[in-house]
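Visitor: A predicted structure for the sequence below; I have some questions about it.
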Amino acid sequence: MGTFKKDKDFLILKTSLQGYFFDQLHEINRNSSSPLPHETIHYSSEVMGQFGDSGNFFENDEGKISEKILGIKLMEATHYSEAQAKRVLKDVGDTALFLCGYFAESLSRKILDFKYYQNIGKIAYNRLDSLIPSAYDREFFYKHLASNFENLTVMIKIVSVKSKKNQDFDPYLILPKEKKIN
């Protein structure tokens, strides 16, 4: 779980994708003019780690894979039991956060734009806060996520851009292309 660095050659070992994302977000946050609380960074790295498995990013309805329709899921959540609503609102907020951060450029090719998904995420987190008023030992945790949604998406976008620069590398084990380990 450390970094070995020698000139242009480097090796990064991580035990989890979430740990990798936490380190990336923590570094960005540390250099921010208005850093976010540690719990917010931890939660965001969990979201990013969760969506490292693309199966979590899409709907799977009886074997049919499709994009999540976040606006409809958000509206339907008002008709669910409290437990179901919590799961759906968290999923909508988390998906919107990841989409607006990691895949922000893909939203320019959609009919519904970045602002739409950003608002969906904020609404989901604000509603979730009314159902779960305390999380991660913080009052109004999800309300805080909603109010810092833009900052979080910028941080996640920076991680996305950095990782795309290294897209030929495996996020668990990053090695220079020309050298191989046997």
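Guide: Yes, it's here.

Visitor: now the element after the host helix or strand of residue 28, going C-ward?
Guide: In this structure, residue 28 sits in helix 17-30 according to DSSP states H and E. Scanning forward in sequence from helix 17-30, with DSSP H and E defining helices and strands, the next element found is helix 38-50.

Visitor: how about that following helix: buried residues?
Guide: When burial is assessed from 16 or more other C-beta atoms under 10 Å, helix 38-50 yields the following buried residues: 40, 41, 43, 44, 45, 47, 48, 49, 50. In short, each C-beta sits where N, CA and C put it, glycine included.

Visitor: return the member of the residues you listed nearest to residue 83.
Guide: Out of those, the one with the shortest distance to residue 83 is residue 50. That distance is 19.1 Å, counting by C-beta to C-beta.

Visitor: test my guess that that closest one contacts residue 97.
Guide: No. Using C-beta atoms under 8 Å as the test, residue 50 is too far from residue 97 to be in contact (10.6 Å).

Visitor: shouldn't residue 59 be within a helix?
Guide: No. Counting by DSSP: H, G, I helix; E, B strand; the rest coil, residue 59 is not found in a helix; it is strand.

Visitor: can you start the count at 307 instead of 1 from here on
Guide: Happy to do that; since the first residue is 307 now, the last one works out to residue 365.

Visitor: let me see the contact set for it.
Guide: Residue 365 makes contact with 371, 372, 373, 374, 375 under the criterion C-beta atoms under 8 Å, 6 or more residues apart in numbering.

Visitor: mind redoing it with 6 Å?
Guide: 372, 374 (C-beta atoms under 6 Å, 6 or more residues apart in numbering).

Visitor: can you tell me how far it sits from residue 340?
Guide: Distance check for residue 365 against residue 340: by C-beta to C-beta, to the nearest Å, it reads 36 Å.

Visitor: quick one, helices of this structure?
Guide: For the chain, helices defined by DSSP state H occupy the ranges 323-336, 344-356, 376-382, 388-408, 420-437, 447-453, 455-471.

Visitor: can you pull out the residues in contact with the fourth one?
Guide: What it means is helix 388-408. By C-beta under 6 Å, 6+ apart, helix 388-408 touches 353, 357, 374, 376, 379-380, 383, 423-424, 426-427, 430-431, 433-434, 437, 459, 462-463, 466.

Visitor: nice, that's everything, thank you.
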